[in-house]
Structures are given as C-alpha cells and as structure tokens.
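Participant: Structure for the following, please:
(2 chains, ligands or ions: 2)
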Amino acid sequence: MLLEINDIHVHYGKIAALKGISAEVDEGEIVTLIGANGAGKTTTLKTVSGLRPLTSGSIRFAGEDISKMPGHKRVLAGIGQSPEGRGVFPGMTVEENLLMGAYARRGNFSKELAEVYELFPRLAERKSQPGGTMSGGEQQMLAIGRALMAKPKVLLLDEPSMGLAPKLVQQIFSIIVEINRRGTTVLLVEQNASQALQIAHRAYVLETGRVVKSAPAADLLDDPQVRAAYLGGGAEAQVGAPAEETPRDAAEAGPASEEEAPRGGAATGEKTPPVAAPTRVEEDDESS
Amino acid sequence: MFSDFIHQFWPSTIDGLSLGAVYALVALGYTMVYGVLRLINFAHADIFMVGTFAAMWTVKTMGVSDLGGLALVGAILLSALVAGAVSGGGAVLLELLAYRPLRKRGASRLAALISAIGASIVIEQLFATIVVPQVFDLPKEKGKIAQAYHFVHRTDLIDIGPIKIANDRLIIFLGAIMIMIALDQFVNRTKLGRGIRATAQDPESAVLMGVNIDRVVTATFLVGGVMAGAAAALYYARFEEAWYFSGFLLGIKAFTAAVLGGIGNIRGALVGGVALGLFESYGSSLFGSQWKDVVAFSVLILVLMFRPTGILGESLQQARA
Ligand SMILES: Nc1ncnc2c1ncn2[C@@H]1O[C@H](COP(=O)(O)OP(=O)(O)OP(=O)(O)O)[C@@H](O)[C@H]1O
Ligand SMILES: [Mg+2]
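Facilitator: Ligands and ions are numbered 1, 2, ... in the order given. The predicted structure follows:
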C-alpha cells in the first residue's frame, strides 16, 4: 500500500472531526472519499498532508510511519495536495504559483512546467496574471498544476470540481484520469459523487467522522443506499447507466458543443478507470 | 507662517526624506511580521532602541570624532553593521522567547499582543537599569542620555541655489535606499524570500508547498531586526543620542507609516515612511516644530478615513510583497 490511514482520530479543540477513519490507497489507484458536508473529508486530507495533528491512530506512506512528520516535509516525501478552496497565492503570478509548487525540490523544473502548461493550456496563456485575479475554474487548474510541480507520488484533490461550470467539470475529471494514467496515484474528495465514482477504482463513504462503506467504485454506483443519499437528482439523473458508458450527463447539462463531448472507453491499460479518454482543457469561448 | 514654509521648503523636504527613510526601514519590520504572523510586534520599537545603543557603542569604541567625507561613510557603515547584527539577533531571540511558545500552543492573537507589550517593557527596563549604566558608565538614574558620543562633522555637500544637502542627510537617505533595494532583492529573488511571500499570502498553502514556517518566521524577524538596527545607526548619525525609551515615539511613527502605506505591504511601508517624514517636516515648518506630530497623525487619520486599507493597501490577501 502506498498510503495507509489507520484508525485516525482528529480533533478541532474538543470537537471530534474524525472518529477512527481507516483507508488505504494503492499505487496507481484513484480512490475517492465521498460524504455529506461536514463528514470529515477535508479533515482527512489535511491530516494526511500534515496540516492537522493526529489525536490517535497512524498514517503510513510508502512503508514509512509519517504520523509525526511535519507538514512541510511531507511534500518531499511525495504527498501533494490541491486544497479545498484552491489556496492559490493571490499576489503571485500564475508562473510564480507553479514554481512555488516546486519549492521543496532542487534543480530544473522546466520539464514539469511544460507538462503542466500542456495539461492546462489556459495557464500557459496567463503566465503573468496574478493568481488572485484568475477565475474560479482557472484557479482550480492552477492549484492542481501547482501540486503536480512537486512530482507527488500521491495527489490529494479536495473538491476539484467545486464551483465549476458543467463543461469544465467534465474537463477537470478527464484531466484527473490523465494525471493518473501518467503514473500519479490520486486520492479524490468530491461532492460530485457520481462523477467521482465513475473515474475512481475504489471509494469510501464517510459519515460524521467515520467510514460507513468501502467498496469498488462501480459497486457504489449501483448501491441503492448510496444512490439515494449521494447520487440523487438533477444533473446526475443518468447515474444508473453502466460505468463503462460515457459520463455525458454533466457535459450535456452545460453549454458544451457536441464535438467536445468526451469519448468513452479509454483503452490505456489496466489501471485506467473505465471512463473518459484524456482530453485537454480547451479554450473556453466565453472568456479571452 | 506660510512664508516660513516657502522659505523652508527645500530644507524641510530634505529633512523629511532622510527622516522618512528611517521610518520606512523600521516600518518594514512591522509590516513583514504582520504579513507573516498577523501580529503587531510592539517590541519592534525596542529592537530599534537596542540598535541605537549598539551604534553608540560602536562610535564610542572607535573613539572617533569630527568625521566627514569617506571616513564618516565608513564609520556609519560600521555602526550600521554592528547595530544590524545586534538588533537582528535580538529580534530572533525575541521571537523565540516571547512569541514562538505561544504560537506552538495555538494561543490567541490577543495573547501574542500582550506578550509583545510585555516584551517591550522588559527590554526597556533591561536597558535602563543594567545595560546603560554598565556598558556606558553613565549614571544609574533612568535619565535621558542626550548628546552622548558625537562623531559627525556636518557640512553641506551639495549646494545648488536654495537646495543645500548636508552630508549626514545624504548618507542616511542613500544608505536607506540601498538597504531597501537589498530587501527587495531578498524578498523577490531568493527562495526564502518566496517562502516569506507565500506564507504571508496563504500559510496553509505554503506548508503544502514545503515551506518551513518556523524558518520563515525566524528569517522575517531577522531581516526586520537587521533593518531596524541599520535604521538605528542612521538615526544615531543624525541625532547622536540614545535613550532606553527612544523606541517608543519612533516605533509609533514607524507603525503609523506601515499602516499609512497599507500594513502587510512592503512597498506600502516605504511609501508610508517617506510620506510620514515629509508630512512631519512640512507640518513643523508650517506650524512650528511642536506641532509636527499633530500634523503627522492628523494626516494618518485623514488618509485612513478615505482609504481604510492605507495608500497602497489593496485587500490584504492581494498584498504583493
Ligand atoms: N477549523 C475548524 N474548527 C472547528 N471545527 C472544524 C474546523 N474545520 C472543520 N471542522 C469540523 O469538522 C468536521 C469535519 O469537517 P470537514 O471540513 O472535514 O468536512 P468535509 O467532509 O470536508 O465537508 P464539506 O463537504 O462541506 O467540505 C465538521 O463538523 C466541521 O464543522
Ligand atoms: Mg471539505
């Protein structure tokens, strides 16, 4: 196991936010944590990246106990995070933000920088724009790109689709799949459970600080309880469709034109989740 | 009154610029610590005061007097190095003893503020009762040590029509500018400088990037202290006095300069410092020197009424280092 979370308890003051969470992420996987607001998803990620201390329990990463390792050292160990609310540095340009992602590393980062710009051409167009003036979706790309600059073994993504237009949601999920295909393990927290379950290999369902279910993602998509609690309604109406099919629900809800709708059934090797082929974030017509 | 102002315009401009440059250097320490920790480091004023004594000690030890020209530049440079080292070390120690233990226990901002005020009083009394009498063989009473050790021979270096610039004013102003350029390079070009900016803009994200916050905090106090020490040496060259309580008013003014420019904003501290120096100097030539502080603080209130975040203060999150 690349990442092992063993029965962790985490408190904010006297309030218990996590009451014994255990989860595992194997190398090459996409694992998703889903759950209602306040279930403890963000807290779990923050504890893994060292922003919150453990009350009890342990975290092992790449065979090493990192429970007591200070947060700033976990980046070098291989844990990268794109935090909830993005956390871009508002007064730094896009490129400075990306270079901050490589802060812990030595040497030349031009290769990684080129790779991030290739994944997110929008960032390349706006290299010298201050992070704080980027749109919400652009900041999300920036936060993910910045986390990639550290060349993490595992990438923790906290609600990467939050506040994005449906078309952009689709693109972000495709990019997550692509990042994973290129060899980065992903631990994904999402409100958009149907999308998350469609690209993930396995999933954990959190409720008030505890894991109430863990199963292969495809099973949860068919689980009546999960569907009732997290997959109901609106844009996710098509969720009942088999996982192999194209996740076109979000794309169709948005203004996306047909030719941009993702193709289904990527055949890029066994680790690849059964969904969207990698597409890059194309230029949005509404801006620029 | 107005004719005085016209008559005095160039001398007051030059005085205001050189004094304002000193305010700006001290203001940088307030603004950088605020940026990183959201803490008003009230003891920063006393770090400045310590610097004035270090500068005086340097002058006394060199045993020089009546210096002009390059010898004066050298003497001020040496005293600035000594004072910068002493104040920088003092600021790091201050953070270790007075702030870090609270921070590690997650204490409230208010607790840190109280600790800052306490530290300020401790440093002042330490100097009044022990350091000054023992190091400078001066009488034990806590009096003002005015006109302590003189070393500057003042001459007008530049004399063009109404503009006369004395050597000490010029050295102070140019010295301050050079320190500011060095700071700008440090903050914008070095890795640690980037870490400081990142921490000021989003501390949690900074940790996720691998920034060691403790190291950033130490560096911030060190840099702020060194600049306060250098400012103290420049101040000593101008007024040639040191006093255990001299940080108080100067500290308030430097803090005012930081707020005037927009606290947390480095360029704001520079603009605020120079602006305050000029207001004070013009106010003194307009209304008489006893009014200079009234004018300076009135301007502060006026500016904040119309621009609550200060001259260069956008929202704090946007603050560019
Ligand atoms: N800084 C804090 N201080 C006190 N309590 C907190 C703090 N942050 C989170 N909590 C509490 O911890 C619990 C878990 O919060 P967390 O942010 O991990 O939830 P989440 O699953 O990420 O929710 P969401 O989907 O809304 O982002 C909640 O009850 C929340 O109120
Ligand atoms: Mg959350």
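Participant: Phi, psi for A:Gln208 please.
Facilitator: Let me fix one detail, which is that residue A:208 is Thr and not Gln. Note on A:Thr208: its backbone torsions stand at phi 40, psi 60 [degrees, to the nearest 10].
Participant: thought it was touching A:Ala39?
Facilitator: Yes - at 6.3 Å, A:Thr208 counts as touching A:Ala39 under the criterion of C-beta atoms under 8 Å. (Each C-beta comes from the backbone N, C-alpha and C, glycine too.)
Participant: Who has more neighbours out of those two?
Facilitator: Shown here are A:Thr208 and A:Ala39; by other C-beta atoms under 10 Å in any protein chain shown, A:Ala39 has more neighbours (23 against 14).
Participant: how much space between B:Gly84 and B:His153?
Facilitator: To B:His153, B:Gly84 is 24 Å away according to C-beta to C-beta, to the nearest Å.
Participant: who has more neighbours, these two?
Facilitator: For B:Gly84 versus B:His153, neighbours defined as other C-beta under 10 Å are more numerous around B:Gly84 (24 against 14).
Participant: Pull out the buried positions in the helix or strand B:Val33 falls within.
Facilitator: Using DSSP states H and E, B:Val33 sits in helix B:9-37. Residues B:11-37 are the ones in helix B:9-37 that count as buried (16 or more other C-beta atoms under 10 Å in any protein chain shown).
Participant: Which helix or strand lies directly C-terminal to it?
Facilitator: helix B:44-62.
Participant: which of the residues in that next one are buried?
Facilitator: Within helix B:44-62, the residues that count as buried by 16+ other C-beta under 10 Å are B:44-59.
Participant: Give me the distance from that helix to the chain's centre.
Facilitator: Counting by C-alpha atoms, centre = their mean, to the nearest Å, helix B:44-62 is centred 13 Å from the centre of its parent chain.
Participant: Could you tell me the angle between it and helix B:9-37?
Facilitator: 120 degrees (axes from the mean of the first three to the mean of the last three C-alpha atoms, to 10 degrees).
Participant: now for helix B:44-62, which elements pack on it?
Facilitator: Under the contact definition 3 or more C-beta pairs under 8 Å, 6 or more residues apart in numbering or on different chains; DSSP states H and E, helix B:44-62 sits against helix B:9-37, helix B:69-94, helix B:109-126, helix B:132-136, helix B:213-239, helix B:246-261.
Participant: Give the rounded mean pLDDT of the fifth one.
Facilitator: Right, helix B:213-239. Helix B:213-239 shows a mean pLDDT of 96.
Participant: now do the second one
Facilitator: Averaging pLDDT along helix B:69-94 gives 95.
Participant: which other residues reach the helix or strand that that helix is followed by?
Facilitator: Following helix B:69-94 in sequence order, the next helix or strand is helix B:100-104 (DSSP H and E). For helix B:100-104, the surrounding residues in contact (C-beta atoms under 8 Å, 6 or more residues apart in numbering or on different chains) are B:Leu37, B:Ala111, B:Ala112, B:Ser115, B:Asp214, B:Val217.
Participant: List the contacts of whichever residue of chain B sits closest to chain A.
Facilitator: When distances are taken as C-beta to the nearest C-beta, chain B reaches nearest to chain A at B:Gly210, 2.9 Å away. Neighbouring residues of B:Gly210 by C-beta under 8 Å, 6+ apart: A:His72, A:Lys73, A:Val75, A:Leu76, A:Tyr103, A:Ala104, A:Ala150.
Participant: now whichever strand or helix holds the third one: how far from the chain's centre is it?
Facilitator: In this case it means A:Val75. Per DSSP H and E, A:Val75 falls inside helix A:71-77. Centroid displacement of helix A:71-77 relative to its chain, using C-alpha atoms, centre = their mean, is 18 Å.
Participant: Also stretch A:123-130?
Facilitator: Taking the mean C-alpha point of stretch A:123-130 and that of its whole chain, the gap between them comes to 22 Å (C-alpha atoms, centre = their mean).
Participant: for stretch B:195-210, same thing?
Facilitator: Per C-alpha atoms, centre = their mean, the displacement of stretch B:195-210 from the mean C-alpha position of its chain is 26 Å.
Participant: for stretch A:2-18, same thing?
Facilitator: Put simply, stretch A:2-18 sits 20 Å off its chain's centre (C-alpha atoms, centre = their mean).
Participant: what's the burial count for the closest residue to chain B within the stretch 101-250 of chain A?
Facilitator: Per C-beta to the nearest C-beta, A:Ala104 is where the stretch 101-250 of chain A lies closest to chain B, at 2.9 Å. Residues within reach of A:Ala104, counting by other C-beta under 10 Å, total 21.
Participant: quick check, A:Gly91 in a helix?
Facilitator: No - counting by DSSP: H, G, I helix; E, B strand; the rest coil, A:Gly91 is located in no helix; its state is coil.
Participant: Next one: it from A:Met100, what distance?
Facilitator: 11 Å.
Participant: higher neighbour count, these two?
Facilitator: Using other C-beta under 10 Å, the more surrounded residue of A:Gly91 and A:Met100 is A:Met100, with 28 against 23.
Participant: which non-adjacent residue is nearest that one?
Facilitator: B:Met209 (4.9 Å; C-beta to C-beta, 6 or more residues apart in numbering or on different chains).
Participant: got a pLDDT number for that neighbour?
Facilitator: 97.
Participant: same deal with B:Thr256?
Facilitator: With respect to pLDDT, B:Thr256 scores 92.
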